[in-house]
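Visitor: what's the 3D shape of this:
(4 chains)
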Number of protein chains: 2
Amino acid sequence: MSRPTQYQRDTALEAAMQVFWQKGYHATSLKDLESALEMKPGSIYAAFSSKENLYLLSLDRYFDRSLTRFQDLMDKAPSALTGLADHLRGFAKMPPQDHARQVCMLTKTLVDTTNTDPEIAARTKAYLERIREAFTAAFERAKAEGELAPDADCARLARRFQASISAIRFELHLGTDPEDITALAEDFAREIEALRQDT
Amino acid sequence: MSRPTQYQRDTALEAAMQVFWQKGYHATSLKDLESALEMKPGSIYAAFSSKENLYLLSLDRYFDRSLTRFQDLMDKAPSALTGLADHLRGFAKMPPQDHARQVCMLTKTLVDTTNTDPEIAARTKAYLERIREAFTAAFERAKAEGELAPDADCARLARRFQASISAIRFELHLGTDPEDITALAEDFAREIEALRQDT
DNA sequence: CGATAACTTGAACGATCACTCAAATATTAT
DNA sequence: ATAATATTTGAGTGATCGTTCAAGTTATCG
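Guide: Have a look, this model is predicted:
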């Protein structure tokens, strides 16, 4: 054998994700990555091939985490609509110093790269779709459990749900007054709960 | 006297706005600007001082145009709520090849520059606020005209309205199926119209 | 027509970009 | 210890970044 991998791949990827998420793809330089990952350029390229590839790996990580978080919340939720509404309120409840208090990394990526880096954009679109499918499935669960009207358009509701999240997170990104953000999230959450059927 | 300004400042600014809007601040290079404005670097700097300044001027232009468009629509609207709802539907109705079929330039700017170019971000936030104030004023007009309940929170409605626009435009940016975008816009528009009081 | 002034030009600047690779270093197997 | 091997290093690559400025061009004025 030989010298083992010194850096922790996972730690490095986490750091990369954070810088990229903060600064965006174009505005993040190799220098930024070097100091964030505490690795020299050579090591970065040995481990991750290129800046673009490292970005794609960061996206993977972000996507997995986002989807998992949502699924976990839904698994624990007393009902589907309650889970969905709580997911919205959850964003507004984040502590002030939370680094996740900003726009979704997938959204940011699409704004940043759609007209410049087609490969990154394509993959990001696919991730956003898969998350929206999870939302659709949640609404369908609500329907199956009689919470939602049988004729409800789950795909359409899912799109609106995703839009609500984008909106809340954009306000987080802006640093809007927490009270106003809570109000906005509350408005959206109540729209979800208003879909509830009497049984 | 002497030789007059050959380039058309207005034309150049329009072109600059378009490239910046398409590619974003960081991804737009001087080369991009040179070919878009059909000007050599020296001329660009003589006329606009710097890339950052040119971007700020482009933002000005975008902001003026956006606000004016909204005000014009409201002036012609039969009622305030109708005008607001139509404004939402208007985005979904844009022709497929319209270059405005994308995310709002102010939104894009904030996503792109908040953590890297504070001056640009600050000015952009101010513009978004002024647009939201115009929305607030529109809701207040609805209230004054008895269309809206007297206890309605106009500032809160305005924020939600602005969020709706962001959502629709983000879907335009993604190239989502026009039918789905129309549905989304319709959902938001109906939420506005549902605020209408019987008189 | 010559003088003067405004504007355009494009080569060149230092800085930084993403990226490479030969050499140095650290680890394990023998 | 020593050999073999994996990893780290960081100076250096050419390209491109935003920007400058001396020289050239084109207009107007007397």
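Visitor: where in chain A is pLDDT low?
Guide: Scanning chain A for pLDDT under 70 picks out A:1-7, A:199.
Visitor: the helices in it, which residues?
Guide: Along chain A, counting by DSSP state H, helices occupy A:9-23, A:30-37, A:41-48, A:51-76, A:80-93, A:105-113, A:118-144, A:154-174, A:178-193.
Visitor: deepest of these, which one?
Guide: Burial of these is given as mean neighbour count (mean count of other Cβ atoms under 10 Å in any protein chain shown); helix A:105-113 ranks first at a mean of 24. Heads up, the C-betas are built off the backbone N, CA and C, glycines and all.
Visitor: any part of that helix near DNA strand C?
Guide: No - judged by Cβ under 7 Å from any atom of the strand, helix A:105-113 stays clear of DNA strand C, getting no closer than 12.8 Å.
Visitor: what's next to that helix, contact-wise?
Guide: Residues outside helix A:105-113 that contact it (Cβ atoms under 8 Å, 6 or more residues apart in numbering or on different chains): A:17, A:20-21, A:24-26, A:58-59, A:62-63, A:66, A:102, A:120-121, A:124-125, A:127-128, A:131, A:166, A:169-170, B:24, B:26-27, B:103, B:107-108, B:111-112, B:170, B:173-174.
Visitor: just to revisit the earlier point, the helices of chain A: which one's closest to DNA strand D?
Guide: Judged by Cβ to the nearest atom of the strand, the one of the helices of chain A that comes nearest to DNA strand D is helix A:41-48, at 1.9 Å.
Visitor: what is the closest one packed up against?
Guide: For helix A:41-48, the packing partners by 3 or more Cβ pairs under 8 Å, 6 or more residues apart in numbering or on different chains; DSSP states H and E come out as helix A:9-23, helix A:30-37, helix A:51-76.
Visitor: any idea how far residue A:111 lies from residue A:45?
Guide: 27 Å (Cβ to Cβ, to the nearest Å).
Visitor: and residue A:117, its phi and psi?
Guide: Main-chain dihedrals, residue A:117, degrees, to the nearest 10: phi -130, psi 80.
Visitor: right, and residue A:54 touches residue A:16 too?
Guide: Yes - using Cβ atoms under 8 Å, residue A:54 is in contact with residue A:16, at 5.4 Å.
Visitor: hey, what's in contact with both of those two?
Guide: A:33, A:48.
Visitor: quick one, what contacts residue A:164?
Guide: Listed by Cβ under 8 Å, 6+ apart, the contact partners of residue A:164 are A:88, A:188, A:191, B:163, B:167.
Visitor: 10 Å instead?
Guide: A:84, A:87-88, A:91, A:184-185, A:187-189, A:191-192, B:160, B:163-164, B:167 (Cβ atoms under 10 Å, 6 or more residues apart in numbering or on different chains).
Visitor: now residue A:14
Guide: Residues in contact with residue A:14 (Cβ under 10 Å, 6+ apart) are A:8, A:36-37, A:58, A:61, A:65.
Visitor: that one and DNA strand C, how far apart?
Guide: Residue A:14 sits 19 Å away from DNA strand C, taking Cβ to the nearest atom of the strand, to the nearest Å as the criterion.
Visitor: distance of residue A:45 relative to residue A:36?
Guide: To residue A:36, residue A:45 is 15 Å away according to Cβ to Cβ.
Visitor: and residue A:133, how far is that from residue A:147?
Guide: With distances taken as Cβ to Cβ, residue A:133 is found 19 Å from residue A:147.
Visitor: next: residue A:162.
Guide: Separation of residue A:162 from residue A:147 (Cβ to Cβ): 19 Å.
Visitor: again with residue A:55
Guide: As judged by Cβ to Cβ, residue A:55 and residue A:147 stand 39 Å apart.
Visitor: is it correct that residue A:32 is in contact with residue A:39?
Guide: No - here residue A:32 does not reach residue A:39: they are 12.0 Å apart, not a contact under Cβ atoms under 10 Å.
Visitor: overlap in contacts of these two?
Guide: Listed contacts common to residue A:32 and residue A:39 are residue A:16; contacts here mean Cβ under 10 Å, 6+ apart.
Visitor: mind listing what residue A:74 touches?
Guide: Residues near residue A:74 by Cβ under 10 Å, 6+ apart: A:80, A:82-84, A:86-87, A:134-135, A:137-138, A:141.
Visitor: how about a cut-off of 6 Å?
Guide: A:83, A:138 (Cβ atoms under 6 Å, 6 or more residues apart in numbering or on different chains).
Visitor: distance-wise, check it relative to residue B:138.
Guide: Going from residue A:74 to residue B:138 by Cβ to Cβ gives 38 Å.
Visitor: go on, residue A:42?
Guide: According to Cβ to Cβ, residue A:42 and residue B:138 sit 58 Å apart.
Visitor: please apply the same query to residue A:81.
Guide: 32 Å.
Visitor: what does residue A:62 give?
Guide: According to Cβ to Cβ, residue A:62 stands 37 Å off from residue B:138.
Visitor: same question for residue A:22.
Guide: Look at residue A:22 and residue B:138: by Cβ to Cβ, they are 35 Å apart.
Visitor: same check on residue A:169?
Guide: Plainly put, residue A:169 is 25 Å away from residue B:138 if you go by Cβ to Cβ.
Visitor: what do you get for residue A:193?
Guide: Residue A:193 is 28 Å from residue B:138, where distance means Cβ to Cβ.
Visitor: residue A:50 now?
Guide: Counting by Cβ to Cβ, the gap from residue A:50 to residue B:138 is 49 Å.
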